[in-house]
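>>> Sequence and predicted structure, then a few things I'm wondering about:
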Amino acid sequence: MYLYTAQEMRDLDRYAIEEIGIPGMVLMENAGHAVARRLLDRWRRSATAVVLSGSGNNGGDGFVIARRLASAGWDVSLWIAGSVEKMSQETRTFYEACIHAGVTGEFYDSSQKQALARHLEHSDVVVDALLGTGIRGELREPVRTLIRMVNQQARGFVVAVDVPSGVDTDTGAVASEAVVADKTITFAHPKWCHYLRPAAERCGNVRVEDIGIPQQAVHLSPPSSRINEPSLWQAYLKPRSRWSHKGDFGHLLVVGGSRGMLGAAVMAGTAALRTGAGLATVAVPEGQEQALAAQVTEALVWGWPDDGQGHFSAGFPQDWEKRVRRLKAVAAGPGLGRFDGEEEWLRRLLQQAPVPLVLDADALNILSKDPSLLRERRQPTVLTPHPGEMARLSGQGVKEVESSRRRIAREWAQAWGVTVVLKGTYTLIAFPDGTQVLNTTGGPALAKAGSGDILTGILGALLARGIPEKAAVPMGVYLHGLAGQQAVTSTEHSVLARDVIAAIGPAIRPFL
Ligand SMILES: NC(=O)C1=CN([C@@H]2O[C@H](COP(=O)(O)OP(=O)(O)OC[C@H]3O[C@@H](n4cnc5c(N)ncnc54)[C@H](OP(=O)(O)O)[C@@H]3O)[C@@H](O)[C@H]2O)[C@H](O)CC1
Ligand SMILES: [K+]
């Protein structure tokens, strides 16, 4: 499934109308019909509805909904923002069809405030068709008042047509007012605002309805972003052959685990093995070696030069060049910590690890001192920042990152030629070629220390197995989210990172 911006949706619409020849009126009727059908399915008996329509095409969908609900026996009260003169030809046609079908609408002005408030308080359903993907700039009257009234006065079920009025389709920003919906019914494909906060919090349950735009139109100019689905990567997951040996499944090196943070590297290494890596080596500061060996039995242990206090130092192990040749991927960061000479250390890692590299946690914080270190990379590089780390990397505030996730992840990936995995409720993956994949698996159980280390281990393992990053990264993010969901046995509060690691196998299994 693709993820659309407002412009991409307009282009798709235009293609369906002009090139394929489906009249715009048919698309609008289909859109309105789809919403009305859902409402009729849910209530069945005759109910009361307030329909709020703007003068744009979103309002046109609203006119179709009003007419169809009324003809099914509902008591419909229709309110319109704007004027007939502003309506597009399609919207005007359906406005007139409403009148001919006996649903007369009121063009709202402030003298009708009380009458509308009464309807909002007593209706089973409120349909928000004021503004869709065509919103421009700050809200004007009377739309702003109408949105506020829906939020303050509606007692019934609020359904937003396409997007809640007042949200920005592409950024997920909200205007001074935006409808808070119980359900959003959108057309043909989901839009970014259905997943980006704060808009996403106003959408309620999102449902995508087919309105008859042929798949062919989508394939001809697919948008640059999509929702993460197994079809993107499932071909790379296969049962192991009877004849396989550990060398077939890659060797991952995890670098991290300094004093006080050993667990992070242990979790990354264990997650990598649970994901199917043939071998995992965990590299920790020398002073940590024994403690590590006591904690993991399945991974190899490698002591790196330390500062005498259990932290890394600027040096690399002497046999680095010899041993690195046997590695298939490196994941640096879980419990890495900060240390003297860290920038030089990272530069060397970037230059001298001729395999795919995942950077997380403090490896990202070190990188944020000088992102141009990435210029030295020739092999795939995956960064897995949470919003705080992304903020440090990009030199912006966390708020700015959160309000422009889509733009920041994409710009960063393109500017530095890396894959950015911007973590969050809907983790966003941005590739260097400008394409993006938004992940929808996961849940609040993953909001806990250790989750990021596990993701790093999973991604490292998939890259070590030789899966190309365009498949490996969405696969890893998807499986990590699924494991997080499946690890919940009693409550999301009590899930431990080790439960998530144990759930990696069950998460992979259906895809083999
Ligand atoms: N996706 C599809 O295939 C289909 C989508 N449909 C629906 O069409 C809308 C998009 O319709 P569009 O006409 O482009 O735009 P809107 O209806 O969302 O908005 C335009 C009207 O809103 C007014 N407006 C714009 N900004 C503001 C503002 N800040 N404050 C107040 N009013 C605003 C604008 O007024 P102007 O004075 O600026 O002209 C317009 O009246 C999409 O979301 C779907 O619901 C089709 O029905 C079917 C195919
Ligand atoms: K709307």
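All right, it came through fine. Ligands and ions are numbered 1, 2, ... in the order given.

>>> State the three-state secondary structure for the closest residue to residue 223 other than its chain neighbours.
Leaving aside its sequence neighbours, residue 223 sits nearest to residue 8 (Cβ to Cβ, 6 or more residues apart in numbering; 4.3 Å). (Glycine included, C-beta is placed from N, CA and C.) Three-state call for residue 8 (DSSP: H, G, I helix; E, B strand; the rest coil): helix.

>>> Retrieve the pLDDT associated with residue 8.
pLDDT, residue 8: 95.

>>> what about it, neighbour count?
22 (other Cβ atoms under 10 Å).

>>> What separation is there between it and ligand 1?
10 Å (Cβ to the nearest ligand atom, to the nearest Å).

>>> contacting residues around the helix or strand that contains residue 506?
Assigned by DSSP states H and E, residue 506 belongs to helix 504-508. By Cβ atoms under 8 Å, 6 or more residues apart in numbering, the surrounding residues in contact with helix 504-508 are 237, 271, 274-276, 454, 458, 479-480, 482-483, 486.

>>> Of those residues, which are in range of ligand 2?
Counting by Cβ under 5 Å from the ion, nothing from the contacts of helix 504-508 sits close to ligand 2.

>>> Pick the one among those closest to ligand 2.
residue 482 (32.1 Å; Cβ to the ion).

>>> Sketch out the helices for the stretch 201-350 of the chain, chain order is fine.
Assigned by DSSP state H, counting those that start in this stretch, the helices in the stretch 201-350 of the chain fall at 215-220, 262-274, 289-295, 320-324, 342-352.

>>> Those helices: which one's closest to residue 501?
helix 262-274 (5.2 Å; Cβ to Cβ).

>>> burial count for residue 443?
16.

>>> Going by neighbour count, which residues in the longest helix anywhere in the chain are buried?
Identified as the longest helix of the chain according to DSSP state H is helix 24-43. Across helix 24-43, burial judged by 16 or more other Cβ atoms under 10 Å covers 24-25, 27-36, 38-40, 43.

>>> Flag the least confident of the residues you listed.
Among these, residue 43 has the lowest pLDDT, at 90.

>>> Please name the nearest non-neighbouring residue to that one.
Here the residue nearest residue 43, using Cβ to Cβ, 6+ apart, is residue 124, at 6.5 Å.

>>> Roughly how far does that neighbour sit from ligand 2?
19 Å (Cβ to the ion, to the nearest Å).

>>> close to ligand 2, is the longest helix of the chain?
No: using Cβ under 5 Å from the ion, we find that helix 24-43 stays clear of ligand 2, coming within 10.3 Å at best.

>>> So is that helix next to ligand 1?
Yes: Helix 24-43 reaches ligand 1 (Cβ under 6 Å from any ligand atom) through 27-28, 31.

>>> so can I have JSON lines of these showing distance to residue 1?
Putting the residues of helix 24-43 next to ligand 1 into JSON lines (distance: Cβ to Cβ, whole Å) gives the following:
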{"residue": "27", "distance to residue 1": "19"}
{"residue": "28", "distance to residue 1": "22"}
{"residue": "31", "distance to residue 1": "18"}
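
>>> Among these, which one lies nearest to ligand 2?
Of the residues of helix 24-43 next to ligand 1, the one sitting nearest to ligand 2 (Cβ to the ion) turns out to be residue 31, at 11.3 Å.

>>> list the contacts for that closest one?
Applying Cβ under 8 Å, 6+ apart, the residues near residue 31 are 61, 64, 161-162, 187, 209, 211.

>>> and the stretch 301-450 of the chain, which of its residues are near ligand 2?
Taking Cβ under 5 Å from the ion, no part of the stretch 301-450 of the chain reaches ligand 2.

>>> where does the stretch 401-512 of the chain dip in pLDDT?
Residue ranges of the stretch 401-512 of the chain with pLDDT under 70: none are present.

>>> Around ligand 1, which positions in it sit nearby?
Residues of the stretch 401-512 of the chain lying near ligand 1 (Cβ under 6 Å from any ligand atom): none found.

>>> all strands of the stretch 401-512 of the chain, in order?
419-422, 428-430, 436-438 (DSSP state E, counting those that start in this stretch).

>>> just checking, what packs against the longest one?
If I follow you right, that is strand 419-422. If you count contacts as 3 or more Cβ pairs under 8 Å, 6 or more residues apart in numbering; DSSP states H and E, strand 419-422 packs onto strand 381-383, helix 387-394, helix 405-416, strand 428-430, helix 469-486.

>>> Turn these into a markdown table, columns for mean neighbour count.
Below are the helices and strands packed on strand 419-422 laid out as a markdown table (neighbours: other Cβ atoms under 10 Å):
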| stretch | mean neighbour count |
| --- | --- |
| strand 381-383 | 25 |
| helix 387-394 | 20 |
| helix 405-416 | 20 |
| strand 428-430 | 27 |
| helix 469-486 | 25 |
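
>>> Distance to residue 320 for the ones you listed - can I get that in CSV?
Below are the helices and strands packed on strand 419-422 laid out as CSV (distance: least, Cβ to Cβ, whole Å):
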stretch, distance to residue 320
strand 381-383, 19
helix 387-394, 26
helix 405-416, 25
strand 428-430, 30
helix 469-486, 24
